[in-house]
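**Student:** my questions are about this predicted structure, shown below with the sequence.
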Amino acid sequence: MKTYIIFRLSALILFATGPAAAQKDLNFDRGVLETTEELTEALANRLLDLSVATRDANLLDMTAFFAETVVAHAMPVKTLPTKARVKWVEEHDWQMPEKKAAAMKRDALMQSWETFLSRFGSIEDVRFKVKQSEIKDNHAGAKVYFFLVGRRMNGHKEWVRGYFKLGATYRDKTWTIDKLALTSLGSQVASRDVFSEVGIPAGVAADLPPHGAKGNESSYWQGAAAGDVNRDGLIDVFAPGLDGNNFYINQGDGTFKDMAADTWVEFTPHATGALFVDYDNDGDSDIFLATPDNQMLLENRLVPDNLLEFTESSAKSGIGQRRAVGFSPIAGDVNGDGKPDIYVPSYNRYGIVMPNSWYKATNGTPNLLFLNKGGGVFAEVAKAWGVADSRWSYAASFADLDGDGDQDLYVANDYGENGLFINDGRKFTDQAEQRGALDPGNGMGVSFGDFDNDGDLDLHVTNMSSTAGNRILSRLLDNPKSREEVLVKLASGNNLYENDGTGNFKDSQTGQFGAGWAWGGGFIDVDNDGWEDIYTPNGFKSGSSMKDT
Amino acid sequence: MEEAGSKNFTSKQSELFGRGFSFSGYERDMLQLNRDGKSFFNISGTSGIDSISDGRGAVFADFDNDGDTDVFLTTIQGRGRLLFRNNVGGLGNWLRISLTGTRSGNDAYGAVVRIGIEDGVRTRLKAGGSGYNAQADPRLLFGLGDAKQADWVEITWPSGAKQKLKAVPANTSIAVTEGKDGYTVVKEKRFNLPDPLSREATQLSKLHAKKGAPLPDFTLHGKQVKPVKALLQKGKVHLLNVWATWCVPCAREMPELQALQAEHGDKLQVIGMSVDEAALDRKVSMLLKRRRITYPNYRMDQKAVEALYNSKDVFVPLSVVVDDAGKVLDIFPGWNQEAKARLLKLLK
């Protein structure tokens, strides 16, 4: 990760400041930066081992991370009064130590941790994360974010978060902690879980090899689509798979049955995104599949044959002849003829082709627009309609944003800026810049929803955020100036843009959501209070070790 | 301008992947609760949807028709698909609207529905795909909070046509057809997605050993190497207790097992089995002495661990109860009053 982040950030810094200015204004020496970041990474990995030992309440192991005498605070035992936050969530702080951290025996510190950890009925996860670090000679001072996810004895979920000032010494190729001063500690407690994971009892679990192992080497990531494919009033899911697709038909009793084989859709070329669309307006949901190769269309035989079976109509529809590195297909009627058209964002073959810039890449592959001509035939017209965006597109969404009655289009691009294509009925023009929706960064997902309930559609774009990136930037930029703001934006995460009602967007000022290496997700009102909440899945690749490359 | 990336970078990356390293891995997913349209409240860590899996496509839909939004999530490895049942939707009233287009085409993707409730307007887009590789429930679900009805409903069809409905009561599912006045109430089958597997059931699924089946064969290291089945004594119930030096709950339960052994030695034989490495043998003996454990103890090697567990997630403590023929009578992932009661019943 560090190689990647430093590589990208140094390119970005050059972009934002110009090579000479970069050295002068920022006092930026790539060699020093890399060494510092390398040692920080070693410390970060050491703290991940400590995280695992703490999660398992493995005090013997925990002890090994500390020097015999540690300048530290014992973990607090008292909690301050609780404040209600929302119906089922309350929060409280912990009574902070009154005195400055003082030298204490390692065993005494461990004892206080044992007391702290034994409050929990179960601990699911603990992390110590380096947010900022200063390294001089063989000693590090770091600001460390701590969290614990667990359950109280009564089963209620508890999320503890805090900060430590940590000191460590690097000797014999390892970091030993000699300071652990507590800066803050708070808990969030919920009387109920918002969600419970029920995939196995509901019958929707797959069993995939670890990513990178044989049979799971592709990075053409896969998603899923929801729709009522047999018109029984229950929502089914089509999920493209690695070794055969899954078609989970809702049984109406809390379980799903995979009927991919019965419906003739189990084996197709590797697909990424699926889309239910009644392209021939015959009353049933057909399936479009985006693939990293030739695109696919599957016709539902429910109408008129009353069979839940699919036949491939890729070739006769004209769709199968079109290639793209397709992801996240979407449907919308771009010319208002009542026939759904299909747009396919297209990426590129990462690893074989590398982006020609980390922040303004232009060497993706052209996106596709399939215009529905009726009679089951499509024409690919992206170029003529001005939407053959050849950046590294990952996702898109149609919506009428300027209120003129036709469907506009927002496209999220990785390694660059996004497109906001305004439709005039015959073609689109990219107005992302003048409408305030460029959103430079690593665009991974788009979602429209009215988060402020003022009647128009606001825009949520999922972007990556990076702890390492922010850490490096904080080292470089004490007081970010305007031209450096672009850098901060690039490492910061998801963005929420407010629509002024005419399709012009501005930052919503609700704060940025650093959600890590984020993918898609978006608006979802989880508690039915009428306010759109935001969910973001994240994580690029978890190996057998938590340590990052 | 610097060219991004290089062959070196990607090959170094694959090498590190091969050694089990992560790349922005084990990140916990995020849930931000919208409070008033002005600020969000991070509830990720107590939400239950903050999974560490590498999530990709998130599909939002009401799979059990109970009036709240569940989440189906695809991931890149392992389980591959996760299904999150919503447990809090019942805190608010709701209204579901299904649209069928005519001039706009059946799906009517791109339609926007606004409803009026006592404290303002709510807006939803019927998107034909959004997020990343994802398509949500085609039926639009509105959370109403405490409102008892939507005072009005306005549909803007992709064709440009607008259609208005008068008041619709809360907690109803309705269908609207383009150009046709009014709505029909949809009778839905309502049910519940299943309960999550208990912690115990999840842990039991990680074992080769199954209740009622013969104990898998493996050997144990003591003064000699012995097959586990050679340790079984005629007429006795055996409790095989798997533990580790680092495990705090193990330390808590071992004295309890020692007491049971002392009391029921005529019918019960407790056998300790540590999963520590051979290098820790001295530490093991020291701990046994300190904890005053006198029932026999052995060490499990990697092969034995793999014979007992079918998963890399080797959890301890674990107690497997077997009869004198090696049949598994019960399994306890962790010791508690219920486990004790179940064991005592077996001893009768």
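**Tutor:** Cool, the structure landed. Numbers count the residues shown, from 1 in each chain, chains lettered A, B, ... in the order given.
**Student:** any idea of the pLDDT on the closest residue to B:I115 other than its chain neighbours?
**Tutor:** Spatial nearest neighbour of B:I115, excluding adjacent residues (CB to CB, 6 or more residues apart in numbering or on different chains): B:A150 at 4.1 Å. C-beta: built from backbone N, CA, C; applies to glycine. Note on B:A150: pLDDT of 98.
**Student:** now swap in A:D25 and tell me
**Tutor:** Note on A:D25: pLDDT of 50.
**Student:** A:W113 now?
**Tutor:** Looking at A:W113, its pLDDT stands at 96.
**Student:** would you say it is within a helix?
**Tutor:** Yes: A:W113: assigned to a helix according to DSSP: H, G, I helix; E, B strand; the rest coil.
**Student:** isn't the residue nearest to B:I115 up against B:T172?
**Tutor:** No: using CB atoms under 8 Å, B:A150 is not in contact with B:T172; the gap is 9.3 Å.
**Student:** what is in contact with these two at once?
**Tutor:** Counting by CB atoms under 8 Å, 6 or more residues apart in numbering or on different chains, the common neighbours of B:A150 and B:T172 are B:L95.
**Student:** against B:V168, how distant is the residue nearest to B:I115?
**Tutor:** Going from B:A150 to B:V168 by CB to CB, to the nearest Å gives 5 Å.
**Student:** ok so, going back, more crowded one of B:A150 and B:T172?
**Tutor:** Between B:A150 and B:T172, counted using other CB atoms under 10 Å in any protein chain shown, B:A150 has the larger neighbour count: 26 against 18.
**Student:** residues touching that one, list them.
**Tutor:** B:L95, B:I115, B:G116, B:I117, B:F142, B:L144, B:A167, B:V168, B:A170.
**Student:** the helices in chain B, which residues?
**Tutor:** Assigned by DSSP state H, the helices in chain B fall at B:7-18, B:44-47, B:199-204, B:248-264, B:281-290, B:302-308, B:337-347.
**Student:** tell me the most buried of these?
**Tutor:** helix B:44-47 (a mean of 26; mean count of other CB atoms under 10 Å in any protein chain shown).
**Student:** coming back round to it: could I get the helices of chain B in TSV, plus columns for mean pLDDT and distance to chain A?
**Tutor:** Output for the helices of chain B, formatted as TSV (pLDDT from 0 to 100; distance: least, CB to the nearest CB, whole Å):
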stretch	mean pLDDT	distance to chain A
helix B:7-18	54	4
helix B:44-47	97	3
helix B:199-204	84	7
helix B:248-264	92	5
helix B:281-290	92	8
helix B:302-308	93	15
helix B:337-347	93	14
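**Student:** how about JSON lines for these, with distance to A:D414 added?
**Tutor:** Formatted as JSON lines, the helices of chain B follow (distance: least, CB to CB, whole Å):
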{"stretch": "helix B:7-18", "distance to A:D414": "16"}
{"stretch": "helix B:44-47", "distance to A:D414": "24"}
{"stretch": "helix B:199-204", "distance to A:D414": "36"}
{"stretch": "helix B:248-264", "distance to A:D414": "45"}
{"stretch": "helix B:281-290", "distance to A:D414": "50"}
{"stretch": "helix B:302-308", "distance to A:D414": "41"}
{"stretch": "helix B:337-347", "distance to A:D414": "51"}
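**Student:** out of these, flag the one nearest A:A140.
**Tutor:** In terms of CB to CB, the element of the helices of chain B nearest to A:A140 is helix B:7-18, at 23.0 Å.
**Student:** distance of the residue most central in space within chain A from A:G273?
**Tutor:** Nearest to the geometric centre of chain A sits A:A518, at 1.2 Å (CA atoms, centre = their mean). Using CB to CB, A:A518 is found at 17 Å from A:G273.
**Student:** verify the stated contact: A:F195 with B:G48.
**Tutor:** Yes: at 4.3 Å, A:F195 counts as touching B:G48 under the criterion of CB under 8 Å.
**Student:** give me the common contacts of the two.
**Tutor:** Taking CB under 8 Å, 6+ apart as the contact rule, A:F195 and B:G48 both touch B:F84, B:N87.
**Student:** so which of the helices of chain B is nearest A:G403?
**Tutor:** Nearest of these to A:G403, taken as CB to CB: helix B:44-47 at 35.1 Å.
**Student:** quick one, what contacts the residue in the stretch 201-350 of chain A positioned nearest to chain B?
**Tutor:** Chain B sits closest to A:G223 of the stretch 201-350 of chain A, with a gap of 2.3 Å, by CB to the nearest CB. If you count contacts by CB under 8 Å, 6+ apart, A:G223 has them with A:239-240, A:272-274, A:328, A:520, B:56-57, B:59, B:74, B:131-134.
**Student:** now A:E41, what's its secondary structure?
**Tutor:** Going by three-state DSSP: A:E41 is helix.
**Student:** what pLDDT does it get?
**Tutor:** A:E41 carries a pLDDT value of 84.
**Student:** likewise for A:K157?
**Tutor:** 97.
**Student:** could you measure from the residue lying closest to it once chain neighbours are set aside over to A:V89?
**Tutor:** Take A:K157 and drop its neighbours on the chain: the residue closest to it by CB to CB, 6+ apart is B:T46, 4.1 Å away. Counting by CB to CB, the gap from B:T46 to A:V89 is 6 Å.
**Student:** which residues are common contacts for those two?
**Tutor:** With CB under 8 Å, 6+ apart, B:T46 and A:V89 have common neighbours A:Q188, A:V189, A:A190.
**Student:** closest to chain B among these?
**Tutor:** Nearest member of the shared contacts of B:T46 and A:V89 to chain B, counting by CB to the nearest CB, is A:A190, at 3.7 Å.
**Student:** count of neighbours near the closest residue to B:S22 other than its chain neighbours?
**Tutor:** Distances taken as CB to CB, 6+ apart place A:G543 nearest to B:S22, at 4.3 Å, with adjacent residues excluded. Using other CB under 10 Å, A:G543 has 22 neighbouring residues.
**Student:** just B:D36 next, same as before
**Tutor:** 10.
**Student:** now do the contacts for it.
**Tutor:** A:W531.
**Student:** go on, A:G374?
**Tutor:** By CB under 8 Å, 6+ apart, the contact set of A:G374 is A:D337, A:K339.
**Student:** what pLDDT is listed against it?
**Tutor:** pLDDT, A:G374: 97.
**Student:** separation between it and chain B?
**Tutor:** Separation of A:G374 from chain B (CB to the nearest CB, to the nearest Å): 11 Å.
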